[in-house]
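[1] I would like to see how this sequence folds:
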Amino acid sequence: MTETRRPTMQSDQEFAMDALRQIADARIEGAQTPDDIAEALNRSGFPAQNGHQWTAEAVLGFLASRDAQQAQRALDGDGR
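    Numbering: from 1, shown residues only. As a prediction, this is how the structure comes out:
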């Protein structure tokens, strides 16, 4: 497994917002399944939060996470 590292100065919330934007771009480009999304994120060079490559399980776990849900509300303009 190839390991890449993200800057450590990025907060969890910033990472979540960036990841959601990357996932949205992947979906626009045709990614439909968690496997497709993981492949697109890895191709783009955007590492998972742990610095490793994305897997379908990591995509699903991220999307279900509190950080992702909070970031989505912020991106939608509902900062609750």
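[2] Got the confidence number for Gln10?
    For Gln10, the model assigns a pLDDT of 73.
[3] how deep is it tucked in, by neighbour count?
    Gln10 has 13 neighbours, counted by other Cβ atoms under 10 Å. C-beta here means a position set from N, CA and C on the backbone, and glycine is covered the same way.
[4] What of Arg73?
    Neighbours of Arg73 (other Cβ under 10 Å): 12.
[5] Residues touching the helix or strand it falls within, excluding its own?
    Using DSSP states H and E, Arg73 falls within helix 66-75. Under the contact criterion Cβ atoms under 8 Å, 6 or more residues apart in numbering, helix 66-75 has outside partners 12-13, 15-17, 19-21, 62, 79-80.
[6] If we go by neighbour counts, what in that helix is buried?
    67-68, 70-71 (16 or more other Cβ atoms under 10 Å).
[7] picking that back up, in helices only, show me the contacts of helix 66-75.
    Judged by DSSP state H, helices contain the following of these: 12-13, 15-17, 19-21, 62.
[8] So of those, which two are at opposite extremes in space?
    The largest distance within the ones in helices among the contacts of helix 66-75, taken as Cβ to Cβ, falls between Asp12 and Arg21 and amounts to 15.2 Å.
[9] Distance check, the residue nearest to Ile23 when sequence neighbours are not counted against Gln70.
    Closest residue to Ile23 apart from its sequence neighbours, by Cβ to Cβ, 6 or more residues apart in numbering: Ile37 at 5.7 Å. Between Ile37 and Gln70 the distance is 20 Å, computed by Cβ to Cβ, to the nearest Å.
[10] next one: Asp12
    Relative to Gln70, and taking Cβ to Cβ, Asp12 is found at 9 Å.
[11] give me every residue that touches Leu63.
    Ile23.
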